[in-house]
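Participant: predicted model, plus sequence, below.
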Number of protein chains: 2
Amino acid sequence: MLNYDKRNLTMMMDLYELTMANGYFQGENTDKYVVFDVFYRKNPDGGGYAIFAGLEQIIEYIENMHFDDEDISYLESLNLFDKKFLEYLKQYRFSGNIYAFEEGTIMYPNEPVITVVAPLIDAQLIETAILAIFNHQSLIATKTNRIVQSAKGRKVSDFGARRAHNMDAAIYGARAAYIGGASGTATVLAGQKFNIPVGGTMAHSWVMYYKDEYKAFMEYAKTYPDESVFLVDTYDVLHSGIPNAIKVAKEYLEPKGKRLKGIRLDSGDLAYLSKEARKILDSNGMEDCNIIVSNSLDEYTISSILNQGGEIDSFGVGERLITAKSDPVFGGVYKIAAVEENSKFEPRIKISETVEKITNPGWKQVYRVYNSDGHAIADLITESDEKPDLKNKYRYVDPEKPWKNRYFENCTIKKLQKPVILDGKKVYENKSLSDIQSYVRKQLSEEIWTEEQRFENPHKHYINMSPEYYEMKMNLLNESRGE
Amino acid sequence: MLNYDKRNLTMMMDLYELTMANGYFQGENTDKYVVFDVFYRKNPDGGGYAIFAGLEQIIEYIENMHFDDEDISYLESLNLFDKKFLEYLKQYRFSGNIYAFEEGTIMYPNEPVITVVAPLIDAQLIETAILAIFNHQSLIATKTNRIVQSAKGRKVSDFGARRAHNMDAAIYGARAAYIGGASGTATVLAGQKFNIPVGGTMAHSWVMYYKDEYKAFMEYAKTYPDESVFLVDTYDVLHSGIPNAIKVAKEYLEPKGKRLKGIRLDSGDLAYLSKEARKILDSNGMEDCNIIVSNSLDEYTISSILNQGGEIDSFGVGERLITAKSDPVFGGVYKIAAVEENSKFEPRIKISETVEKITNPGWKQVYRVYNSDGHAIADLITESDEKPDLKNKYRYVDPEKPWKNRYFENCTIKKLQKPVILDGKKVYENKSLSDIQSYVRKQLSEEIWTEEQRFENPHKHYINMSPEYYEMKMNLLNESRGE
């Protein structure tokens, strides 16, 4: 086992989580339960959905939270905190409840993907870490899924570690990429930690070390006769790289009954070079030699290369996947939705100068609604204690057109949030990463409309509300207008 | 001490580093020394320079490299590696030499910022981690410096943890941001680990928890009478937030001889709202109350807000700093430059389908050349054993105009690379982060032309070559043309 837990990340939080907690502590508000929601407001890259990833690490962080002596001394040195509060932190363990979508669930803007129902201080302290993990892994899973879709069935591997935003971004980025549909990663530690298939070819340094490209390929073939993929662009793809690759295949591999597994192109016009490479390889009886390409790829360049007839078997995708270059911020937020008053949860709403920043108040549930052929036709937000009965015709409110009468008929529903931590104890069973990947694939092939999956102007998933929930929200807005 | 070293990151490398190393091991090439350079090809955001950051963590990684038993078992399970090679890895420690620019040095494209002179396998295995650290920290230091420049002397704080690409990106991103000129961070663990000033205000949840904004501010003022900064945009900035802030200042703080330290705006039109806020505060005798703004800021939005006369004292910058949103990939590469042959280093060059990808061969030195008033007028690349004498008129070659005769006169030079690891032993003394920050500031105020610092079409720093070095490179290019 790797030692994730030997690095104490508890203090990976914004200072204001602690100053607010100290303030709540002074006001003796520690026992009051509150409800916070994690949600996001906009799909990356103008897409129709995002993929929820990072749940396992969020649980791991919360389970392992504890302030060491050196943490307490450091906080003391800031002269901001009451001594009693620091004593309290010494014995602090998270004691609340966390409910979350299953990892890998297709998610949409403005629905609560994770809900925290916990004592005020507990709920406040976990904000920063939850968001950092949720935002990063969901970002990379979603981006990778777009790239995988653009590759139309060809393999996509994560080659991004060197351009990742440091170690965790490489390691957990590889995890998220696999959830999003990558077939593997080059990052060894991620392969080891999460049981992701690892792969790779050779670097230019291999060829340049031997100087003679033919000798370089030959040495590689001798070491890896079954796994040889030659990087053919160090000097000249068509006049040196491919001829030398073929020579080594014919002189060394084929006489031993082996085949050259592939060649890799890492520069130049990949559409043109791959077509030329294919022709040359085929005319030498090497139809089974794969063509792998890399070099600043993403869903846009891959679509373009394939539209030009690029002859490519697999893509190594680095920097634009691991940084989600075209849209590198996943804007997940953590907002208070309700506060316990007289043993019930009183909803809270955030009005804002910016309309999109108005929140959905209260402790809620989210249901996914399926039609009779199994397509997810909408999500439905209800109050947490509602039991929507879809056996009969069910009236709902579309908050964008609330004046219309709308009904679900012949539909089934699934509650999306499940408890993962109850009273501070993990009740979640870790899933294998390949199961999470399969779950993503299954949703996209069986449940989610293809209209939501296209890149250009995708259909916007409906996020509807139960009449009770909608009325509660409107009342709250009206109240606040009155103030 | 925090336990960075208790998380074994040795295997944070691309698989091909290990497969190549295994191949080199088979070929009995383990003892041969090679030279690898770390350099980058393009300044982010079209800027005129970048800032080198991450050196301390690179050294830390290399010093701590070791393969644990579980690492070896995992590698064995891949069925790619020779048993003897795995035995070799068990006792592997880095034994080579690393030369690097001082951390915080202003750097330019295509010059070797770090040079590794090490046994072949040692040099290959460290590639991925060096690049991930170099690319991430240099990216964020450079981006932050642009944001700080746009703020024209106002404070810029890193508020980015929640949108960082996971934990390391938040922690080391805060470190890099401070190097680039941020005045502090909100990320507590980064403050603790690197002695960065930490700060923060309050979240919307504080206001929403108390529901009544006046009560929320009052409770905060009671807890932090000397440190109160109120977030005024939860309901309505001008009609609720600021009036309530003033009320609490007048009713509670001022009678105690305290002053309201600041207000924070996090949504809406920040230029307009800050000007209105300034007027209202001033007309209430609160000229010393700071206005802090946040919400998707970067150098472009900050410039625009200030151009509109925004009345702002300090900026909290989050997602666009911590992800370097406008250009989130720092393209540092690691290329072989020379191979030991008969006890001397024979240069290697990479020709490529893409002209910019042709490398600078050989073991080199980089000097910064200063004119008599202390400005850095160029960098000079020489062979590693040259001793350029600038006491006299010195002829150099501008590789973009090699036909011209060019001279340095009355100039001084400084060698930019210094040894940081020799024969596997660290010879680098860690510097305080504030010293590194000061070093950046000093270079930009005293040495680097302002023409290189502007955002639009900055002057391109000259990277010149000694006549000997230029001739060697041309000979190698000609040779390869002959092949």
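Facilitator: Sure, I can see it. Keep in mind it's a predicted model, so treat the numbers as computed, not measured.
Participant: hang on, residue A:391 in a strand?
Facilitator: No. Using DSSP: H, G, I helix; E, B strand; the rest coil, the assignment for residue A:391 is coil, not a strand.
Participant: tally of neighbours for it?
Facilitator: 8 (other Cβ atoms under 10 Å in any protein chain shown). In short, each C-beta sits where N, CA and C put it, glycine included.
Participant: relative to residue A:410, how far out is it?
Facilitator: Residue A:391 sits 10 Å away from residue A:410, going by Cβ to Cβ, to the nearest Å.
Participant: in the stretch 151-300 of chain A, what residue lies closest to chain B?
Facilitator: residue A:268 (3.0 Å; Cβ to the nearest Cβ).
Participant: was I right about that residue contacting residue A:234?
Facilitator: No. Between residue A:268 and residue A:234 there is no contact under Cβ atoms under 8 Å: 11.7 Å.
Participant: have a look at those two and say which one is more surrounded.
Facilitator: When residue A:268 and residue A:234 are compared on other Cβ under 10 Å, the one with more neighbours turns out to be residue A:234, at 27 against 19.
Participant: for that one, which non-adjacent residue is closest in space?
Facilitator: Leaving aside its chain neighbours, residue A:234 sits nearest to residue A:207 (4.2 Å; criterion: Cβ to Cβ, 6 or more residues apart in numbering or on different chains).
Participant: return the distance of the helix or strand harbouring the one you found from the chain's centre.
Facilitator: Per DSSP states H and E, residue A:207 falls inside helix A:204-210. In terms of Cα atoms, centre = their mean, to the nearest Å, the centre of helix A:204-210 is found 36 Å from the chain centre.
Participant: quick check: what element follows that helix along the chain?
Facilitator: helix A:213-223.
Participant: that following helix: which residues count as buried?
Facilitator: Neighbour counts over helix A:213-223 (16 or more other Cβ atoms under 10 Å in any protein chain shown) mark A:213-214, A:216-221, A:223 as buried.
Participant: and the contacts of the next helix or strand after it?
Facilitator: Next helix or strand after helix A:213-223 toward the C-terminus (DSSP H and E): strand A:229-231. With Cβ atoms under 8 Å, 6 or more residues apart in numbering or on different chains as the test, strand A:229-231 has contacts from A:201-204, A:206-207, A:217, A:220, A:241, A:244-245, A:248, A:260-264, A:266, A:290, A:292.
Participant: for the lengthiest helix in chain A, what is the average pLDDT?
Facilitator: The longest helix of chain A (DSSP state H) is helix A:127-150. The average pLDDT within helix A:127-150 is 98.
Participant: so how far is that helix from its chain's centroid?
Facilitator: 3 Å.
Participant: helix or strand right after it?
Facilitator: Under the assignment DSSP H and E, the closest C-terminal helix or strand after helix A:127-150 is strand A:155-158.
Participant: partner strands of that following strand, with direction?
Facilitator: Looking at strand A:155-158 with DSSP bridges, its partner strands are strand A:184-185 (parallel), strand A:314-317 (parallel).
Participant: which of those sits closest to residue A:71?
Facilitator: Smallest distance to residue A:71 across the strands paired with strand A:155-158 (Cβ to Cβ): 33.1 Å, for strand A:184-185.
Participant: can you tell me how far the residue nearest the centre of chain A is from residue B:164?
Facilitator: Chain A has residue A:138 as the residue nearest its centroid, 2.2 Å off, counting by Cα atoms, centre = their mean. Distance, residue A:138 to residue B:164, using Cβ to Cβ: 13 Å.
Participant: go on, residue A:368?
Facilitator: 30 Å.
Participant: what's the answer for residue A:237, then?
Facilitator: Shown here: residue A:237 relative to residue B:164, a distance of 38 Å by Cβ to Cβ.
Participant: which one of the two has more residues nearby?
Facilitator: Shown here are residue A:237 and residue B:164; by other Cβ under 10 Å, residue B:164 has more neighbours (33 against 26).
Participant: who's in contact with the more buried one?
Facilitator: Taking Cβ under 8 Å, 6+ apart as the test, what residue B:164 contacts is A:132, A:135-136, A:165, B:170, B:173, B:322-323.
Participant: TSV for these, including distance to residue B:438 and neighbour count?
Facilitator: Formatted as TSV, the contacts of residue B:164 follow (distance: Cβ to Cβ, whole Å; neighbours: other Cβ atoms under 10 Å in any protein chain shown):
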residue	distance to residue B:438	neighbour count
A:132	30	33
A:135	33	25
A:136	32	31
A:165	26	32
B:170	24	32
B:173	20	32
B:322	23	31
B:323	26	30
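Participant: tell me the one among the residues you listed nearest to residue A:74.
Facilitator: residue B:170 (16.8 Å).
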